[in-house]
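1. With the input below, show me the fold.
(one chain, ligands or ions: 1)
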Amino acid sequence: MLTPKTTKTTTATGEHLEHERLISLVNSMADAVIAVDQQAKIVMYNGAALNIFDVNTIKIGSALDRLLKPVDKNNQEVNIVEMVQSAVVPITNRDLRLGYADGSFINLYLSIAPVHLGYGEKGQRGYVLLLRDITREKSLEEERDEFISVVSHELRTPIAISEGNISNAEFIAEKSGDMTAIKAALKEAHNQVLFLADMINDLSTLSRAERGVLKVEVEPINVHDLVTELANNYSVQAKAKDLEFKTELDPKLELLQSSKLYVREILQNFITNAIKYTAKGTVTLHATADPKGVRFAVTDTGIGIGKGDQQKVFDKFFRSEDYRTRQANGTGLGLYVTMKLTRLIHAEIELKSELNKGSTFTIFIPNLD
Ligand code: ADP
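-> Below you'll find the model as predicted:
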């Protein structure tokens with residue numbers, strides 16, 4: 001590691017002081033700094049270099065490629081000495097990975113700059129390498145790319161269907177004026193626009209949740225009114241798929257103290273899914289009184305969720321591989337957002353499901369102060 005100079009040749013105190021300052025500056029850097037000579041042998045390193053290589057000490061004069069053995073994006077070993085020696089101007093690379101003895105990897109940012117070593121005393125040439133662990137940044141970048149690709153794909157489908165139906169309606173209006181066919185096409189376009197609105201709503205809640213700016217505004221909720229409102233809104237969608245939408249209300253229900261906005265959004269997500277993933281039968285919304293709050297449950301007689309998938313449905317972007325799931329539009333964000341909101345209002349979700357029989361999503365919502 002860099003240590004203060006103790007040679008007697010240092011005459012000027014000013015120079016000595018400056019040297020010490022420089023050493024403490026380089027040693028306090030969070031990034032690993034390594035200086036190598038023209039043969040890529042290590043001349044100097046700072047404290048952070050020990051961390052990145054996970055070693056206690058680095059032998060001065062040892063070959064760089066004994067210490068640093070990165071691989072590229074395709075897991076191919078990189079000839080680091082060649083890479084360093086080819087740096088006639090400063091170069092940077094963000095696509096390297098560095099492995100450890102325990103099998104773990106980090107993503108590495110590496111910059112190489114050709115320099116004069118020896119503070120101009122001998123004028124010896126060499127290279128300074130700066131290394132940084134960018135694993136977290138990389139995973140955020142990958143997540144963002146995945147997000148954009150999933151969302152743009154999912155937005156494209158309903159837009160294409162609405163566009164097709166609207167131009168079809170126009171065509172029929174010009175040619176035959178068949179009102180039934182025009183209405184059917186417009187209805188489908190309308191459904192797709194409603195779906196888009198739901199999805200954009202999910203996205204905006206998600207973005208607010210991720211930024212941590214969601215506030216909980218507690219107000220008295222008349223559960224009876226909320227359930228009636230949801231039943232009115234969703235019976236139409238259920239009927240369009242020939243499903244029955246039922247409600248079961250506990251007569252002992254009292255006012256619930258929570259966020260009406262979030263409770264409604266959570267239940268909407270459960271109900272939309274129940275309708276989406278059920279081909280025939282019933283979707284039921286239950287509300288049961290509890291001394292500490294209200295227990296809601298949404299039960300369907302749909303495709304169900306396999307045991308292996310039940311843990312994953314609340315993960316970001318998770319969608320079951322089941323072809324029946326893939327037939328329906330979806331981003332895999334609804335339940336992820338639902339879980340974020342659930343935590344905000346200190347609620348608890350329980351999922352019971354059986355493949356090909358149906359699912360029940362239960363949520364206990366406590367009274368908040
Ligand atoms: P999306 O419905 O947009 O795919 P969600 O986050 O709402 O995303 O749901 C994640 C996944 O959980 C769905 O893709 C589906 O595989 C499964 N799922 C959720 N609700 C149900 C349900 N009621 N019945 C069957 N599968 C469901």
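2. which residues in the stretch 201-350 of the chain form helices?
-> With DSSP state H, counting those that start in this stretch, the ranges of helices along the stretch 201-350 of the chain come out as 223-240, 260-276, 307-310, 323-327, 334-344.
3. Which other helices and strands does the first one contact?
-> Okay, so that is helix 223-240. strand 244-249, helix 260-276, strand 282-290 (3 or more CB pairs under 8 Å, 6 or more residues apart in numbering; DSSP states H and E). Glycine gets a C-beta too; all of them are placed from N, C-alpha and C.
4. Show me the one of these that comes nearest residue 114.
-> helix 260-276 (56.8 Å; CB to CB).
5. Quick one: residues contacting residue 353.
-> Residue 353 is in contact with 304, 305, 310, 359, 360, counting by CB atoms under 8 Å, 6 or more residues apart in numbering.
6. okay, among those, which ones form the most distant pair?
-> 310 and 360 (11.6 Å).
7. Who has more neighbours out of those two?
-> Taking other CB atoms under 10 Å, residue 310 and residue 360 do not tie; residue 360 has more neighbours (17 against 14).
8. Residue 352 is in contact with the more buried one, correct?
-> Yes. Residue 360 lies in contact with residue 352 (CB atoms under 8 Å); the separation is 4.8 Å.
9. ok, and which of the helices and strands packed on helix 223-240 has the densest surroundings?
-> Among the helices and strands packed on helix 223-240, ranked by average contacts under mean count of other CB atoms under 10 Å, first place goes to helix 260-276 (a mean of 21).
10. so, in contact with the ligand or not, it?
-> Yes. Helix 260-276 is in contact with the ligand by CB under 6 Å from any ligand atom, via 269, 273, 274.
11. what's near enough to touch the residue in the stretch 1-150 of the chain that the ligand sits nearest to?
-> Closest contact between the stretch 1-150 of the chain and the ligand, by CB to the nearest ligand atom, is at residue 150 (9.7 Å). Applying CB under 8 Å, 6+ apart to residue 150 gives the contacts 317, 331, 332.
12. any idea which helix or strand carries it?
-> Residue 150 is part of helix 135-175, with elements assigned from DSSP states H and E.
13. Quick check: phi and psi on the closest residue in space to residue 89 that isn't next to it in sequence?
-> If you skip the residues right next to it in sequence, residue 89 has residue 114 as its closest partner in space, 7.4 Å away by CB to CB, 6 or more residues apart in numbering. Dihedral pair for residue 114: phi -70, psi 130, per degrees, to the nearest 10.
14. Enumerate every residue touching residue 114.
-> Applying CB under 8 Å, 6+ apart to residue 114 gives the contacts 87, 88, 89, 90, 125, 126, 127.
15. Let's see the distance spanning stretch 88-103 from one end to the other.
-> 34 Å (CA to CA, to the nearest Å).
16. err, stretch 41-56, not the other one
-> End to end - CA to CA - stretch 41-56 spans 18 Å.
17. The nearest residue to residue 45 once chain neighbours are set aside: what secondary structure?
-> Distance criterion CB to CB, 6+ apart; nearest residue to residue 45, sequence neighbours excluded, is residue 34 at 4.6 Å. Per DSSP: H, G, I helix; E, B strand; the rest coil, the secondary structure class of residue 34 is strand.
18. still on that earlier bit, now, of the contacts of residue 150, which are buried?
-> Applying 16 or more other CB atoms under 10 Å to the contacts of residue 150, the neighbour count classes 331, 332 as buried.
19. partner residues bridging the residue nearest to residue 89?
-> residue 127 (DSSP bridges).
20. do you know how far it is from residue 22?
-> The spacing between residue 114 and residue 22, counted by CB to CB, to the nearest Å, is 19 Å.
21. Which strand residues bridge the residue nearest to residue 45?
-> Residue 34 has these beta-bridge partners by DSSP bridges: residue 45, residue 129.
22. residues from this structure in reach of the ligand?
-> 269, 273-274, 277, 300, 302-305, 313, 318-320, 325, 330-336, 359.
23. Please work out the average pLDDT along stretch 173-182.
-> The average pLDDT within stretch 173-182 is 95.
24. try stretch 137-154
-> Taken as a whole, stretch 137-154 has an average pLDDT of 82.
25. ok, and for it, which residues are buried?
-> Buried, per 16+ other CB under 10 Å, within stretch 137-154: 138, 147, 150, 151, 154.
26. Kindly indicate which of the residues you listed lies nearest residue 232.
-> For the buried residues of stretch 137-154, with residue 232 as the reference and CB to CB as the criterion, the closest is residue 154, at 27.3 Å.
27. Next one: the nearest residue to that closest one once chain neighbours are set aside from residue 305, what distance?
-> Distances taken as CB to CB, 6+ apart place residue 331 nearest to residue 154, at 4.7 Å, with adjacent residues excluded. Here residue 331 is placed at a distance of 17 Å from residue 305 (CB to CB).
28. again with residue 316
-> 17 Å.
29. So those two - more neighbours on which side?
-> Neighbour count, other CB under 10 Å: between residue 316 and residue 305, residue 305 has more, with 24 against 18.
30. just to revisit the earlier point, could you save the contacts of residue 114 as a markdown table and add columns showing secondary structure?
-> Shown next, in a markdown table, are the contacts of residue 114 (three-state DSSP):
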| residue | secondary structure |
| --- | --- |
| 87 | coil |
| 88 | coil |
| 89 | coil |
| 90 | coil |
| 125 | strand |
| 126 | strand |
| 127 | strand |
